[in-house]
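Enquirer: Predicted model follows, preceded by the sequence.
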Number of protein chains: 2
Amino acid sequence: MTRKRNFTPPQKATLHDVAAKVGVSPRTVSRVVNKEGGFSEATEARVMEAITELGYRPNLLARGLITNRTNTLAFIVPNIDDPFFPEVAQGVQRASLNRGLSMFLAVTNGDPAVERELLDRMISQAIDGAILFPTPGAREHLKDLAEQGLPMVVIDDVVDHPSIACLRSDLEHGVELAVEHLRSTGRRTLGMIANRSSPPRSRRRERTFRSLEGEAAHVIRADATYDGGHRATVQMLRDHPEIDGIFAYNDLTAIGAMDAARSAGRRIPEDLAVVGCDDIAMSARVSPGLSTIRIDRERLGTEAVDLLARVGPGEGERPAEPLTLPVELIVRQSS
Amino acid sequence: MTRKRNFTPPQKATLHDVAAKVGVSPRTVSRVVNKEGGFSEATEARVMEAITELGYRPNLLARGLITNRTNTLAFIVPNIDDPFFPEVAQGVQRASLNRGLSMFLAVTNGDPAVERELLDRMISQAIDGAILFPTPGAREHLKDLAEQGLPMVVIDDVVDHPSIACLRSDLEHGVELAVEHLRSTGRRTLGMIANRSSPPRSRRRERTFRSLEGEAAHVIRADATYDGGHRATVQMLRDHPEIDGIFAYNDLTAIGAMDAARSAGRRIPEDLAVVGCDDIAMSARVSPGLSTIRIDRERLGTEAVDLLARVGPGEGERPAEPLTLPVELIVRQSS
DNA sequence: GCAGGTTACGTCAACGTTGACGTTGCCTGA
DNA sequence: TCAGGCAACGTCAACGTTGACGTAACCTGC
């Protein structure tokens, strides 16, 4: 392959270049860059000057190769169409920047194989840690990775391993609040739209709902999307027309449910009350406004980064019990 | 600092480990890993076996250090609360994965200093390229970076440099469609809510609107958010009560405008028509449904990655004219 | 006046990989 | 029969940085 590049390849400056310019050894420049100490103020000044003059930037690959740290973390989400995840990502990035970290964001579309592929690649990139909403069936794989020394934070799932920290929203309490609220407004028969692709052992909303509603609980599992909620509701209202209150896995699902219910001729909230979960921005905007369980998404992100730092290298502490963040019931017009 | 780690440090396998196990030189293993050829099938089989057995993964830092490629790109957006950007990000990631690239996502909050900081950091990480919606005043800085050899794609702005490619939606046509549509439904006085923090030379929606409406055009600049739209509308309807049609910078702004207008006692669309821009998912859900100019966000992302590959190393071609993607008018109930 | 310490450096090797180039051994054709 | 070529390796250095260690000069206290 012929190289047709005709402008000067803009050689990046290295420690050596800076050192040569100042007349010291690269090691001394390195010391200045990393503020290790062991240099005079005069030297420091001259080095700093040369650095700005040459536009020197440390090569993080070389540094990472030897220190085994890259100041980089991965944040892995099942999807990005649901505004919930970008908002958590916002929190993750903010907290990362505060700690001098960069964030890789990746989307799995709920596919464990994709998750695996992404994590493998991230490991090759020598990330310092990963924060993720695990896909179903990922537990063993995650333990493998942890075994290889990758610090991780899993959100809304529990994996028992010394270098995996767990972070959760208090969904159990959220579901209680939702059901209690629906009951208190006189609803007699409740249905729930659960998430088809939740990891089986972490169907916490569904489990709590069932425990509150008993054996006859009406639960349909659907995709955690607008369409999933729509379709599930059509079926639910057809099979059990007596249902007059729905708790949905998340707000997108709930909004789909509301639209489906109205198409089926139900008035909201008169004939059917709907409560969602997350409190995405959209929920306050739809009509009628969607009642929901609010999760503090920004905080979820920042806490995840904090936790990750705590399971990271240098900290021998075993991560404590899963950290649980509180939730809040927001009542709007849909219930 | 004392090391209290008590489980075996999970030494990652290297080329040397694999080589030792198989009884060949690391160079041969490298050849197999990279499918360079120059090895027998028997050797390949034994190497592959050892690789899976040891769980060997190439160290991308070491590889990048020598090849100067990391198969990594940065995608930099002004914010992530506006669903528009995550959806573009989705496209970017999908296209990236197809090409074997990883994506760094970063959010600037519209601050040029943050953008600069982020890009600098990315460069230190030796990314292969960057895709970004530039912040105002970033042009010179971007040229600096391009000069240092970073391939870039800027979206919805134009920067003239051989290693910067430009990608745009046909917003001019979009604005024409919107204004034409509002006029054709009988609106007499139009207002526009523009984006306060657009780079001055790329206020394309605003410029087109002004060129269509003439000198007396009613334009207010606001933050490109729900609240920005809300506030701008309050002011606009107070100062110019005769306005009966609004074109907003984006859908979030438009939805804010609708809410503000209704609070001010206007019926939509009877008293005031509103048209947005983007067609985010929310726009079909709000009530009344928001008419808007649809931008194919996924495609924007994938085209950006394609373009980036074309300005990347090895391709001597100067990027052609800015690539322009078509837009589409979606009429709903708000107009 | 000198042991001992401190400050401000320098030297060297190593991190894991690949580019450039060298070296076998076998096959081929005239 | 042997020059020439090719397949299948191996060797060595380099990428840019930092950890470990060495050292010269100077200071300190007694």
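Expert: That came through fine. Numbers count the residues shown, from 1 in each chain, chains lettered A, B, ... in the order given.
Enquirer: Keeping just the C-alphas, turn stretch A:22-37 into PDB.
Expert: Provided in PDB are the C-alpha atoms of stretch A:22-37 (Å, rounded to 0.1, in the frame of the first residue of the first chain):
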ATOM      1  CA  VAL A  22      15.800  21.200  28.700                       C
ATOM      2  CA  GLY A  23      19.000  19.300  29.000                       C
ATOM      3  CA  VAL A  24      18.000  16.900  31.700                       C
ATOM      4  CA  SER A  25      17.200  13.100  31.600                       C
ATOM      5  CA  PRO A  26      13.800  11.800  30.600                       C
ATOM      6  CA  ARG A  27      13.400  10.400  34.100                       C
ATOM      7  CA  THR A  28      13.500  13.900  35.500                       C
ATOM      8  CA  VAL A  29      10.900  15.200  33.200                       C
ATOM      9  CA  SER A  30       8.800  12.200  34.200                       C
ATOM     10  CA  ARG A  31       9.200  13.200  37.800                       C
ATOM     11  CA  VAL A  32       8.000  16.700  37.100                       C
ATOM     12  CA  VAL A  33       5.100  15.500  35.000                       C
ATOM     13  CA  ASN A  34       3.900  13.200  37.800                       C
ATOM     14  CA  LYS A  35       4.800  15.600  40.500                       C
ATOM     15  CA  GLU A  36       6.900  12.900  42.200                       C
ATOM     16  CA  GLY A  37       9.200  15.400  43.800                       C
END
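Enquirer: Contact residues of the stretch 1-150 of chain A facing DNA strand C?
Expert: By Cβ under 7 Å from any atom of the strand, the residues of the stretch 1-150 of chain A that approach DNA strand C are A:23-28, A:31, A:37-40, A:42-43, A:62, A:65-66. For glycine as for every other residue, the C-beta is placed from the backbone atoms N, C-alpha and C.
Enquirer: Show me the two of those that sit farthest apart.
Expert: Spatial extent of those (Cβ to Cβ) is set by the pair A:Ala42 and A:Leu65 at 31.6 Å.
Enquirer: Which of the two has more residues huddled nearby?
Expert: Set A:Ala42 next to A:Leu65 and count neighbours by other Cβ atoms under 10 Å in any protein chain shown: A:Leu65 wins out with 18 against 8.
Enquirer: Tell me who's in contact with the more buried one.
Expert: B:59, B:61-62, B:65 (Cβ atoms under 8 Å, 6 or more residues apart in numbering or on different chains).
Enquirer: In helices only, show me those.
Expert: Taking DSSP state H as the definition of helices, these contribute B:61-62, B:65.
Enquirer: Which members of those additionally contact DNA strand D?
Expert: B:62, B:65.
Enquirer: and which of the ones in helices among the contacts of A:Leu65 is nearest to DNA strand D?
Expert: B:Leu65 (4.0 Å; Cβ to the nearest atom of the strand).
Enquirer: returning to what we had before: make TSV out of the contacts of A:Leu65 and add pLDDT.
Expert: Shown next, in TSV, are the contacts of A:Leu65 (pLDDT from 0 to 100):
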residue	pLDDT
B:Asn59	96
B:Leu61	96
B:Ala62	97
B:Leu65	96
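Enquirer: and the two most separated of those residues?
Expert: B:Asn59 and B:Leu65 (9.3 Å).
Enquirer: Outside of stretch A:175-189 itself, which residues are in contact with it?
Expert: Counting by Cβ under 8 Å, 6+ apart, A:190, A:204-205, A:208-209, A:212-213, A:218, A:240, A:242-245, A:247, A:269, A:273, A:275, A:277, A:291, A:293, A:327, A:329, A:331, A:335 sit against stretch A:175-189.
Enquirer: Just the buried residues out of these, in ChimeraX syntax.
Expert: For the buried members of these, the matching ChimeraX selection, counting by 16 or more other Cβ atoms under 10 Å in any protein chain shown, is:
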select /A:190,204,205,208,209,212,213,218,243,244,245,247,269,273,275,277,291,293,327,329,335
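Enquirer: and the spatially most distant residue from the centre of chain A, backbone torsions?
Expert: Among the C-alpha atoms of chain A, the one most distant from their mean position (Cα atoms, centre = their mean) is that of A:Gly23, at 48.0 Å. Backbone torsions for A:Gly23, taken as degrees, to the nearest 10, come to phi 90, psi 30.
Enquirer: And the pLDDT for it?
Expert: pLDDT for A:Gly23: 95.
Enquirer: Identify the residues contacting it.
Expert: No contacts exist for A:Gly23 under Cβ under 8 Å, 6+ apart.
Enquirer: any idea how far A:Ala20 is from A:Val47?
Expert: Using Cβ to Cβ, to the nearest Å, A:Ala20 is found at 12 Å from A:Val47.
Enquirer: More neighbours: which of those two?
Expert: Comparing A:Ala20 with A:Val47 by other Cβ under 10 Å, the one with more neighbours is A:Val47, at 22 against 15.
Enquirer: and the residue nearest to that one when sequence neighbours are not counted, how many neighbours?
Expert: In this structure, A:Val47 finds its nearest non-sequential neighbour in A:Val32, 4.4 Å apart by Cβ to Cβ, 6 or more residues apart in numbering or on different chains. A:Val32: 23 surrounding residues under other Cβ under 10 Å.
Enquirer: surely A:Gly276 meets A:Gly289?
Expert: No: counting by Cβ atoms under 8 Å, A:Gly276 does not reach A:Gly289; the two are 10.6 Å apart.
Enquirer: Now for those two: what residues contact both?
Expert: A:Ser283.
Enquirer: Please identify which of the two sits among more neighbours.
Expert: A:Gly276 (34 against 15).
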